[in-house]
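K.L.:
Give me coordinates for this.
(2 chains)
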Protein chains: 2
Amino acid sequence: LGRNIVELGMVHDLQVQNGKVSFTLALTTMACPLRGRMQDDARKRLLALEGIREVDISARAMTDEEKAKVFGKSGQEQGSAAAHNHIKHVVAVMSGKGGVGKSSVSALLAVALRRKGYTVGLLDADITGPSIPKMLLSEPGRPMGSPLGILPVESPSGIKIISINLLLADPNQAVIWRGPLISGAIRQFWGDVLWGDLDYLIVDLPPGTSDASLTVMQVLPLNGIVMVTTPQSLAGMVVRKASSMAEQLASRLLG
Amino acid sequence: LGRNIVELGMVHDLQVQNGKVSFTLALTTMACPLRGRMQDDARKRLLALEGIREVDISARAMTDEEKAKVFGKSGQEQGSAAAHNHIKHVVAVMSGKGGVGKSSVSALLAVALRRKGYTVGLLDADITGPSIPKMLLSEPGRPMGSPLGILPVESPSGIKIISINLLLADPNQAVIWRGPLISGAIRQFWGDVLWGDLDYLIVDLPPGTSDASLTVMQVLPLNGIVMVTTPQSLAGMVVRKASSMAEQLASRLLG
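P.N.:
As a prediction, this is how the structure comes out:
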């Protein structure tokens, strides 16, 4: 975000006594994927100071008031960038089954809409198996920070892309996260990314009907779902499970 | 299990006062997928009794001592059946990527080992997209209960199979569970199923490196992992993530 954690109002209850420093780190969400890194960085920098022998950092989530103070508006469920985003249509691409072509359909849908002149974003909600950067970016850049939120990476044709693999140092690195962290990352991709004005935001879902799909259906204002399958009866069975989930959560099937 | 919840020592702190019944239901694990159903059933049956106006049921997990009393041995991490199981080798089939053939490899591996004369079990750890029953059972039966644990369904050639789809009334029904329930189901498939004497237990993992894979690697005594991929570089990237996970969790890659 281009500001340090003190300026961002994330440091509370600071105490220094006999070479021991303790404080509470207030995070936008406890599921913040950078939590461990921020704590480690702060600890290292403090221990490098003369006279500091011990560092004790606890963490908590920011209150809505604190978020509003830092980000200049009500934080609520959504992060700082959401207030600046104007997204007309949100379409999720789902399947339940793996390897049927969800990411290909997502990418081609984004390209087709872009060629028709629309402004298009692509949110890769497959946190443990992200395919979008490799499909659309020959030389993936890194998302940059801005005072208003994370800036997505743009494809050569102007599609705005966010994916966990754009944030990893090594694209082969495993993201070994349990459900709450997966959900937290998806919430941040929605609320903390400065998408700006978009005609369409395409959301590429992972296989399964667990945390990622649930979070996308519960948190994002979906206009509809594109369901992808292949002709095998085995794929059909698993895809019918996904359709049943969409039905139960009142999401509209577009095709 | 063929015994009622009172006999199983699951009912505690029973109080009846002025037509109000309250008790605590002690479950083998709080992630028990039947928790809601047991509570609902108990409530319905109690309200059907004359003079009962109100029913209040709380839930908690059994202590190890309680489990030992009910199941005749130390409960610990594992359920009742685990003490009666003697499994020589546990092999997980993994990929990270969906649709590359994990379930086909699992099923064919089980068939090949069975043809060589070994006793073989197949644990379908893909809770949201289970493929094994459709691959190996032309007319899937239902797992039966026994005093010692859940009995797996046997394929015509004698492979013992457990899968969430054998427990659902409709195979197209979606299992919309967040991570903790997914993990709970896998723990039960391991600890509460009466596998008996097995030379090999094959575990078919879902795509991804989240809850299901983590639970299998942390709870089951894996002898090794078979990693499945296809020739595309995109699949390779996601499969390398899974290999990196296996490495971090000290699981041996067999091939």
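K.L.:
Going by C-alpha atoms from here, please, whenever you check contacts or count neighbours.
P.N.:
Noted.
K.L.:
Quick one: distance of the strand or helix carrying A:Asp199 to the chain centre.
P.N.:
Here A:Asp199 is covered by strand A:197-204, with elements defined by DSSP states H and E. What separates the centre of strand A:197-204 from the centre of its chain is 14 Å, taken as Cα atoms, centre = their mean, to the nearest Å.
K.L.:
Then stretch A:193-202?
P.N.:
Centroid separation between stretch A:193-202 and its chain, computed with Cα atoms, centre = their mean, is 13 Å.
K.L.:
measure that stretch end to end?
P.N.:
14 Å (Cα to Cα, to the nearest Å).
K.L.:
ok, A:Leu123 touching A:Pro206?
P.N.:
No: applying Cα atoms under 8 Å as the test, A:Leu123 and A:Pro206 come out as separate, 11.5 Å apart.
K.L.:
Please say which of the two ends up with more neighbours.
P.N.:
A:Pro206 (31 against 25; other Cα atoms under 10 Å in any protein chain shown).
K.L.:
Surely the more buried one touches A:Asp126?
P.N.:
Yes: using Cα under 8 Å, A:Pro206 makes contact with A:Asp126 at a distance of 4.5 Å.
K.L.:
residues bridging contact with those two, i.e. touching both?
P.N.:
A:Ala212 (Cα atoms under 8 Å, 6 or more residues apart in numbering or on different chains).
K.L.:
tell me which parts of the stretch 51-200 of chain A are close to chain B?
P.N.:
A:96-100, A:128-131, A:134, A:171-180 (Cα under 8 Å from any Cα of the partner chain).
K.L.:
Okay, and which of these map to strands?
P.N.:
In strands, judged by DSSP state E, none of these are found.
K.L.:
Please list the members of these that lie in helices.
P.N.:
The helices, defined by DSSP state H, take in A:134, A:179-180 from those.
K.L.:
follow-up on the earlier one: packing partners for the helix or strand just after the strand holding A:Asp199?
P.N.:
Note on strand A:197-204: by DSSP H and E, the next helix or strand toward the C-terminus is helix A:211-219. Helix A:211-219 is packed against helix A:179-191, with contacts defined by 3 or more Cα pairs under 8 Å, 6 or more residues apart in numbering or on different chains; DSSP states H and E.
K.L.:
what does the helix it packs on contact?
P.N.:
Here helix A:179-191 has contacts from A:29, A:31-33, A:78-82, A:123, A:125, A:127, A:162, A:211-212, A:215-216, A:219-220, B:178-180, B:210-211, using Cα under 8 Å, 6+ apart.
K.L.:
next one: the helix or strand harbouring A:Glu247 to chain centre, how far?
P.N.:
Taking DSSP H and E as the criterion, A:Glu247 maps to helix A:233-248. With Cα atoms, centre = their mean as the basis, helix A:233-248 stands 25 Å off its chain's centre.
K.L.:
Show me what that helix is packed against.
P.N.:
Using 3+ Cα pairs under 8 Å, 6+ apart, helix A:233-248 sits against strand A:224-227.
K.L.:
ok, is the strand it packs on in contact with chain B or not?
P.N.:
No: applying Cα under 8 Å from any Cα, one finds strand A:224-227 out of contact with chain B, separated by at least 14.5 Å.
K.L.:
Alpha carbons only: can I get that strand in PDB?
P.N.:
Extracted as PDB, the C-alpha positions of strand A:224-227 are listed here (Å, rounded to 0.1, in the frame of the first residue of the first chain):
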ATOM      1  CA  GLY A 224     -24.600 -15.900 -13.000                       C
ATOM      2  CA  ILE A 225     -22.600 -19.000 -13.400                       C
ATOM      3  CA  VAL A 226     -21.200 -20.700 -16.500                       C
ATOM      4  CA  MET A 227     -20.900 -24.500 -15.900                       C
END
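K.L.:
Now do the buried residues in that strand.
P.N.:
Along strand A:224-227, these residues count as buried under the neighbour rule (16 or more other Cα atoms under 10 Å in any protein chain shown): A:224-227.
K.L.:
From the ones in helices among the residues of the stretch 51-200 of chain A next to chain B, pick the one nearest chain B.
P.N.:
A:Gly179 (5.1 Å; Cα to the nearest Cα).
K.L.:
Contact partners for the closest residue to A:Gly99 other than its chain neighbours?
P.N.:
Spatial nearest neighbour of A:Gly99, excluding adjacent residues (Cα to Cα, 6 or more residues apart in numbering or on different chains): B:Gly99 at 3.9 Å. B:Gly99 is in contact with A:97-100, counting by Cα under 8 Å, 6+ apart.
K.L.:
mind listing the helices for the stretch 51-200 of chain A?
P.N.:
Here the stretch 51-200 of chain A has its helices, by DSSP state H, counting those that start in this stretch, at A:64-71, A:102-115, A:132-136, A:179-191.
K.L.:
Mean neighbour count and mean pLDDT added to the ones you listed, as JSON lines?
P.N.:
Shown next, in JSON lines, are those (neighbours: other Cα atoms under 10 Å in any protein chain shown; pLDDT from 0 to 100):
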{"stretch": "helix A:64-71", "mean neighbour count": "17", "mean pLDDT": "71"}
{"stretch": "helix A:102-115", "mean neighbour count": "19", "mean pLDDT": "98"}
{"stretch": "helix A:132-136", "mean neighbour count": "19", "mean pLDDT": "95"}
{"stretch": "helix A:179-191", "mean neighbour count": "22", "mean pLDDT": "94"}
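K.L.:
Make JSON lines out of those and add distance to B:Arg43.
P.N.:
Listed next are the helices of the stretch 51-200 of chain A as JSON lines, based on distance: least, Cα to Cα, whole Å:
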{"stretch": "helix A:64-71", "distance to B:Arg43": "39"}
{"stretch": "helix A:102-115", "distance to B:Arg43": "44"}
{"stretch": "helix A:132-136", "distance to B:Arg43": "49"}
{"stretch": "helix A:179-191", "distance to B:Arg43": "31"}
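K.L.:
ok so, going back, tell me the one of the buried residues of strand A:224-227 nearest chain B?
P.N.:
Of the buried residues of strand A:224-227, the one sitting nearest to chain B (Cα to the nearest Cα) turns out to be A:Met227, at 14.5 Å.
K.L.:
Let me see the contact set for the closest one.
P.N.:
Residues near A:Met227 by Cα under 8 Å, 6+ apart: A:93-95, A:239, A:243, A:253-255.
K.L.:
With A:Leu214 instead?
P.N.:
Counting by Cα under 8 Å, 6+ apart, A:Leu214 has contacts B:176, B:178.
K.L.:
circling back to that earlier point, buried ones among the contacts of helix A:179-191?
P.N.:
Among the contacts of helix A:179-191, those scoring as buried are A:29, A:31-32, A:78-82, A:123, A:125, A:127, A:162, A:211-212, A:215-216, A:220, B:178-180, B:210-211 (criterion: 16+ other Cα under 10 Å).
K.L.:
on that earlier part again, show me just the buried residues among the contacts of B:Gly99.
P.N.:
A:97-100.
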